[in-house]
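1. I would like to see how this sequence folds:
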Amino acid sequence: MKIKSFLGTTKNAVLTQVWVAMCYYLLLTYIKYQTKYSYSLLEFSRMFAETIFERISLIDLLSCNRHNLSRIRDPVGQLALL
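-> All right, here's what the predicted structure looks like:
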């Protein structure tokens with residue numbers, strides 16, 4: 001669990017950020033345990049952070065490795081700036 005910087009300086013803001021980080025870590029650990037994901041928790045959290053806004057099911061995400069992840073993404077769906 002790593003918090004780079006705190007967004008607020010009050011006691012409530014710091015405690016809220018710590019609780020959110022702990023909940024995120026526990027949820028990721030629970031999902032990793034339930035799905036028997038073979039890679040590390042760090043790799044899982046990075047993969048989750050990269051694909052959180054994409055339309056892909058969590059089961060499909062966990063069944064692939066990082067090399068196949070680029071094939072799952074659909075670059076055609078984005079518009080190119082010219």
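2. list the buried ones in the longest helix seen in the chain?
-> For the chain, the longest helix by residue count, based on DSSP state H, is helix 11-35. Neighbour counts over helix 11-35 (16 or more other CB atoms under 10 Å) mark 28, 32 as buried. No exception for glycine: its C-beta is placed from N, CA and C like everyone else's.
3. Look up which helix or strand Phe6 falls in, please.
-> Phe6 belongs to no helix or strand when assigned by DSSP states H and E.
4. And it, how close does it get to Leu26?
-> Distance, Phe6 to Leu26, by CB to CB, to the nearest Å: 20 Å.
5. Thr16 too?
-> 16 Å.
6. Over to Leu15?
-> Look at Leu15 and Leu26: by CB to CB, they are 16 Å apart.
7. Lys4 now?
-> For Lys4, the distance to Leu26 equals 19 Å [CB to CB].
8. do the same with Tyr33
-> Separation of Tyr33 from Leu26 (CB to CB): 10 Å.
9. Kindly report the same for Glu54.
-> 24 Å.
10. Could you do Gln34 as well?
-> Distance, Gln34 to Leu26, by CB to CB: 12 Å.
11. Repeat that for Ser45.
-> In terms of CB to CB, Ser45 sits 12 Å off from Leu26.
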